Every structure is written in structure tokens, then in C-alpha cells.
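> Prediction below, plus the sequence it came from.
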Amino acid sequence: MTSDNHKDKRIIYMGTPDFAVPALTALVDNGYTVIGVVTQPDKPKGRGKVMLKTPVKEEAERLGIPVWQPKKVREPEFIELLEAQKPDMIVVAAFGQIIPKAVLDLPPYGCLNIHGSLLPKYRGASPIQQAIINGDKETGVTIMRMDEGLDTGDIISTKVIPLTGEETGGSLFDDVSAAGAELLIETLPSVFAGTAGYTKQPTESPTPYASMLKKEAGLLDFGKSAEELERLVRGLCPWPGAYTYLNGKTLKIWKSRAEEAAETAGIPGQILRADPSGIAVACGSGVLVLTEVQLEGRKKMAVDAFLRGCRVEKGTMLAKAEN
């Protein structure tokens, strides 16, 4: 819990997706004064183009907090609006826009960011997925004081999350999000008291920049090892999802496992067997066994159910049909 002299600090919260909801809730639950929430504009979704609120906006409205949705936070009119609020601190989590210097310099206690990795590793938009894809043994969350760089600000605190090798991008998102909310509440008292430590990051990150993921990242290259592909399937689940092509149709892979290859394994991308235990596909090394799939136009299902409605021949190549 916060001490009384921290409860009157004026905090503006900036965030957009589900990942950013727990920290907002935690601020309010722990007695902090959140005077406003900034989130991305509502977006039309579906055939009816119904305007969809961001998860953070929904939570802010539930909590009775004013919401602002600027198209660009660097617009002078919006910066003037923020200045008029006289925030003591701005907390940012997966907001989705670059925060300009005019906003970073505005609050006396700075802009704090909740980042889903152990910085300086995995700067960028997809740190959680990349930790799984790369086979890391641990990941975590960092609270940093933002600067004008991309996730390069001074580190204030971190929390380590061990990885078991069974996480998906979705499950780890939930774990990191919850850890970020806890770490924020643990960190704020020292920031407001002036006793927090600030550790400068090295200029270079030990890992490549974790760019925003696109659908194409999920296309399986069976020339790679089965272990690599199994991690990719987990890391990209549920979005953007791993996929291949079966007889010219998109086949999304929801679950898989890696096995050692027999000496008689086929060429990469070739189906070695298809039975209720899975669809086994030859890889550059090892075999990737698909256990939950979704064919274009159908629902996702376990392979045993899938094979009852779709004939899959041994020797079939999983590859995109040439147009």
C-alpha cells in the first residue's frame, strides 16, 4: 500500500491493450490518484464496423476516470491539455504511440514505462513473444524512466519470470502483465520519495530489436529445426499465429510438439504420418508434430477430430500453392 503523502500525487495513465489493464487497476486499488487515462482512438471492427473501445478505455470507464483519445499525442492541442492537468507523473504501458519530449519533460517525477522484458534485452513491441521464440530460460518486466529513445531509458526496477518451455504468447502476456502491475506498485513509493535508483542502459541491446509482429512472421519454414518451430508456434499463439499451407489452403497451427527424427525421415515439409496422435512433418532437423490445427474456413480442433473430416495423405508436402 502507498503512504498517505503519495496518494495525492496526480498520475496520468497511458495504455491501450489488455496488457495495460492490470497496472491501471492496481494504481486505483492501491490508493493512487489517477486523474486521467490516455488511450488509442476507438477502431471499427467486423462487417458492421462497430466502434470498439480499447481494453484500457473500458477499464477507465468502469473506474470512473476521464479518458482522452488523441490521434497523435504530439499534437500541440493535446500537449496543452496535458499541461493543464498538472500531472506529477505519467505511467505508460503498451500505449502504441511515440511519446514526444514535450510530454516526457512535463511531469516532475517523469514518465515511467512498464516494459515486458528484462531490459536492455528485447527493446521493441514484441518482447514477450521473442523470449519464447528464442528459447530463453527466463524473461521478466522492467520499470524504466522514459527518454526519447526506444526503450532506452534508465532502469528503475525489474522482476524476473522463469520460463518452463510450455508458455504461449498469450499465457506469458498475462503473467508479464500481472508482474508489471505488482512491480509498479512496489516501485512507486521510492520514486516519489526520491530514493529510487536509476541504472543507465548500455547503448546496444544484446538482442535484436523486437519489432511489431506481422502475420508473415508465422509462416513455418520447415527447413528449420523442429524445436525452433515448436517455439515459434507457442510464441505466436494466439496472435498472429503460426501457419502453413495444406493443398493450397491456410492451415493454422495452434499446438505442436517436437520429436527426434528417424533416419528415414522425409524432406522438410513432408508429412510423415497423420494419425490421432498428430500430423508429423519432417523438418531441417527433427519432426514437428501438429496436434491442434485450423484449416481455412473451419474451426480449430484437435488433430484426431480434424482427420475425421479431412483426409491427409502421407507424403503430402506442406507448402503454399504456386499461383
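Cool, the structure landed.
> Mind jotting down where the helices sit in the protein?
Taking DSSP state H as the test, the helices found in the chain are 4-7, 21-29, 55-63, 76-85, 101-104, 127-133, 169-193, 226-235, 303-309.
> Okay, buried residues for the fifth one please.
Translated: helix 101-104. The neighbour-count criterion (16 or more other Cβ atoms under 10 Å) identifies 103-104 as the buried residues of helix 101-104. Glycine gets a C-beta too; all of them are placed from N, C-alpha and C.
> remind me which residues of the stretch 201-323 of the chain are low pLDDT?
Applying pLDDT under 70 to the stretch 201-323 of the chain flags residues 263-264, 320-323.
> Could you identify which of the helices of the chain is most buried?
Sort the helices of the chain by mean neighbour count, taking mean count of other Cβ atoms under 10 Å, and helix 127-133 sits at the top with a mean of 25.
> Restrict that helix to CA atoms and write it as PDB.
The C-alpha trace of helix 127-133 is given here as PDB (Å, rounded to 0.1, in the frame of the first residue of the first chain):
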ATOM      1  CA  PRO A 127       9.400  -8.700 -26.300                       C
ATOM      2  CA  ILE A 128       7.100 -11.300 -24.800                       C
ATOM      3  CA  GLN A 129       6.800 -13.400 -27.900                       C
ATOM      4  CA  GLN A 130      10.500 -13.100 -28.700                       C
ATOM      5  CA  ALA A 131      11.600 -14.500 -25.400                       C
ATOM      6  CA  ILE A 132       9.600 -17.700 -26.200                       C
ATOM      7  CA  ILE A 133      10.600 -17.900 -29.800                       C
END
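> Identify the residues contacting that helix?
Identification of contacts with helix 127-133 by Cβ atoms under 8 Å, 6 or more residues apart in numbering yields 115-117, 121-122, 139, 163, 167-169, 172-173, 176, 207, 210, 213, 231-232, 234-236.
> Go again with 6 Å.
For helix 127-133, the surrounding residues in contact (Cβ atoms under 6 Å, 6 or more residues apart in numbering) are 116-117, 122, 139, 167, 169, 172-173, 176, 210, 231-232, 234-235.
> Would you pull up how far stretch 239-256 lies from the middle of the chain?
Put simply, stretch 239-256 sits 20 Å off its chain's centre (Cα atoms, centre = their mean, to the nearest Å).
> Only the buried residues of that stretch, if you could.
In stretch 239-256, counting by 16+ other Cβ under 10 Å, buried: 240-246, 251-256.
> So which residues make contact with stretch 55-68?
Outside stretch 55-68, the residues within contact range by Cβ under 6 Å, 6+ apart are 15-18, 20-21, 24, 28, 34, 36-39.
> Mind checking which of those land in strands?
15, 34, 36-38 (DSSP state E).
> Widest-spaced pair of those?
G15 and G36 (12.1 Å; Cβ to Cβ).
> Looking at these two, which has the bigger crowd around it?
More crowded of G15 and G36, by other Cβ atoms under 10 Å: G15, with 28 against 19.
> Tell me how far the more buried one lies from A282.
44 Å (Cβ to Cβ, to the nearest Å).
> cool, T187 as well?
In this structure, T187 and A282 are 49 Å apart, going by Cβ to Cβ.
> Test my guess that M144 contacts G153.
Yes: with contacts defined as Cβ atoms under 6 Å, M144 counts as touching G153 at a distance of 4.3 Å.
> ok, and the closest non-adjacent residue to C237?
T168 (4.2 Å; Cβ to Cβ, 6 or more residues apart in numbering).
> number of nearby residues for the one you found?
The local packing of T168 (other Cβ under 10 Å) involves 18 other residues.
> does it really touch G235, like I thought?
No: T168 lies out of contact with G235 (Cβ under 6 Å); the separation is 7.5 Å.
> can I get the CA coordinates of stretch 20-33 in PDB?
The C-alpha coordinates for stretch 20-33 follow below in PDB (Å, rounded to 0.1, in the frame of the first residue of the first chain):
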ATOM      1  CA  ALA A  20      -2.000  -2.400 -19.800                       C
ATOM      2  CA  VAL A  21      -5.200  -3.000 -17.800                       C
ATOM      3  CA  PRO A  22      -3.900  -4.700 -14.600                       C
ATOM      4  CA  ALA A  23      -1.500  -1.800 -13.800                       C
ATOM      5  CA  LEU A  24      -4.300   0.800 -14.100                       C
ATOM      6  CA  THR A  25      -6.500  -1.300 -11.800                       C
ATOM      7  CA  ALA A  26      -3.600  -1.700  -9.400                       C
ATOM      8  CA  LEU A  27      -2.900   2.100  -9.200                       C
ATOM      9  CA  VAL A  28      -6.500   2.700  -8.200                       C
ATOM     10  CA  ASP A  29      -6.700  -0.300  -5.800                       C
ATOM     11  CA  ASN A  30      -3.600   1.000  -4.000                       C
ATOM     12  CA  GLY A  31      -4.900   4.500  -3.400                       C
ATOM     13  CA  TYR A  32      -3.100   6.400  -6.100                       C
ATOM     14  CA  THR A  33      -4.900   9.300  -7.800                       C
END
